[in-house]
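Chemist: need a structure here:
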Amino acid sequence: MKLLSREHDFNFLTSEVDGVRFELFASSQSFLTCIVCWFESSTDVMMNWQAIQSIVSVRFKPEGGHSKWNVYLILMCPDSLEIRDKYVIQNDRYAARKIILDGLGELPDSPDVEKLVNVALLGTDLELAPVSYNSKDDLETPIAAIVKGVPSGSSVGAKEARSEMINKLIEFLSENENKKS
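Modeler: Next up, the predicted model:
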């Protein structure tokens, strides 16, 4: 899944909030939608974010059954917000989840924002690292030998076996507490 820029008429927002630019990014199935808001300063963010979320709650209705639960507001500004203000905004879940991208220096253009949005919401910058076989993983540790094969059931025998294992672990740890490995 990838979020791409979509055409959307945001006159309902631009007529109410001056000096803020809006753009919609959505997944191909419109399962997840994101309204990006370009602010000129952190002061503008603080003055307008509540009004924007209120307008969005009434006027923005994404298509699809579950898409109304997957609406994000990305609030971008060139300078940094105070940490407390950022916390308040990002933890307010009314109408949409909010993510603040602040301290950017300059506001990015639409293609750069697309990358930022995909990283922030979908983690597209994450990569799976190949796992190499490590023979150290096969080493049997003393604790592994104590724990190995202990049953997990709720029978009396399983409970007794776990109790015995716990006693062996306590004994092992008491004997080896101050030893260096």
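Chemist: work out for me the element residue 103 sits within.
Modeler: Following DSSP states H and E, one finds residue 103 outside all helices and strands.
Chemist: for residue 161, what are its contacts?
Modeler: With contacts defined as CB atoms under 8 Å, 6 or more residues apart in numbering, residue 161 is in contact with 150-151. For glycine as for every other residue, the C-beta is placed from the backbone atoms N, C-alpha and C.
Chemist: so it: helix, strand or coil?
Modeler: helix (DSSP: H, G, I helix; E, B strand; the rest coil).
Chemist: pLDDT score for it?
Modeler: Listed pLDDT for residue 161 reads 91.
Chemist: swap in residue 135?
Modeler: Model confidence at residue 135 (pLDDT) stands at 59.
Chemist: then residue 67?
Modeler: Reported pLDDT for residue 67: 62.
Chemist: could you do the one 3 residues further on as well?
Modeler: On pLDDT, residue 70 comes in at 82.
Chemist: what ranges do the strands span in this structure?
Modeler: Along the chain, the segments classed as strands by DSSP state E run 4-6, 21-26, 33-38, 71-76, 97-101.
Chemist: and the closest residue to residue 107 other than its chain neighbours, how far from residue 84?
Modeler: Nearest residue to residue 107, sequence neighbours excluded (CB to CB, 6 or more residues apart in numbering): residue 38, at 5.2 Å. From residue 38 over to residue 84 the distance is 23 Å, taken as CB to CB, to the nearest Å.
Chemist: residue 141 and residue 147, how far apart?
Modeler: For residue 141 relative to residue 147 (CB to CB), the value is 9 Å.
Chemist: who's more crowded, those two?
Modeler: residue 147 (13 against 9; other CB atoms under 10 Å).
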